[in-house]
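Q: Test case, fold it:
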Amino acid sequence: MVQVYFHCSNAEGTLIDHYGAAVSNLTEARDRAAQIMRSMILTPSNEDWRDWVIHVSDDDGEEIFDLPFTAMLGKPH
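A: Residues are numbered from 1 along each chain as shown. All right, here's what the predicted structure looks like:
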């Protein structure tokens with residue numbers, strides 16, 4: 001198991017994940033990132049989530065991969 005962190009950012013700032021989650025592999029990390037993304041999108045708000053990205057990082061702060069919210073929402077028409 002590896003501890004990874006799911007930081008979310010847009011052009012205006014970053015939401016830091018101080019707790020992270022233990023995952024077994026990259027597929028599990030990607031699934032957790034998608035779960036976080038869905039949770040944020042479904043929370044009632046006026047936020048346009050298409051500008052946001054989840055950055056998945058390890059204990060050393062090295063980014064493993066990022067996942068733009070547009071992967072789930074699509075781009076505006």
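Q: list the helices and strands the top strand by length along the chain packs on?
A: With DSSP state E setting the assignment, residue counts place strand 2-10 as the longest strand in the chain. Identification of packing neighbours for strand 2-10 by 3 or more CB pairs under 8 Å, 6 or more residues apart in numbering; DSSP states H and E yields strand 13-15, strand 21-23, helix 26-42, strand 53-57. (Each C-beta comes from the backbone N, C-alpha and C, glycine too.)
Q: let's see 10 Å
A: Contacts of strand 2-10 with other secondary structure elements, assessed using 3 or more CB pairs under 10 Å, 6 or more residues apart in numbering; DSSP states H and E, are made with strand 13-15, strand 21-23, helix 26-42, strand 53-57, strand 63-68.
Q: residues of it that come out buried?
A: When neighbours are counted by 16 or more other CB atoms under 10 Å, the buried residues of strand 2-10 are found to be Val4, Tyr5, Phe6, His7, Cys8.
Q: so what's the residue nearest in space to the middle of the chain up against?
A: Within the chain, one residue has its C-alpha closest to the average C-alpha position: by CA atoms, centre = their mean, that is Ile54, at 2.6 Å. Residues in contact with Ile54, defined by CB atoms under 10 Å, 6 or more residues apart in numbering, are 6-9, 15, 17, 30, 32-34, 36-37, 40, 65-69, 71.
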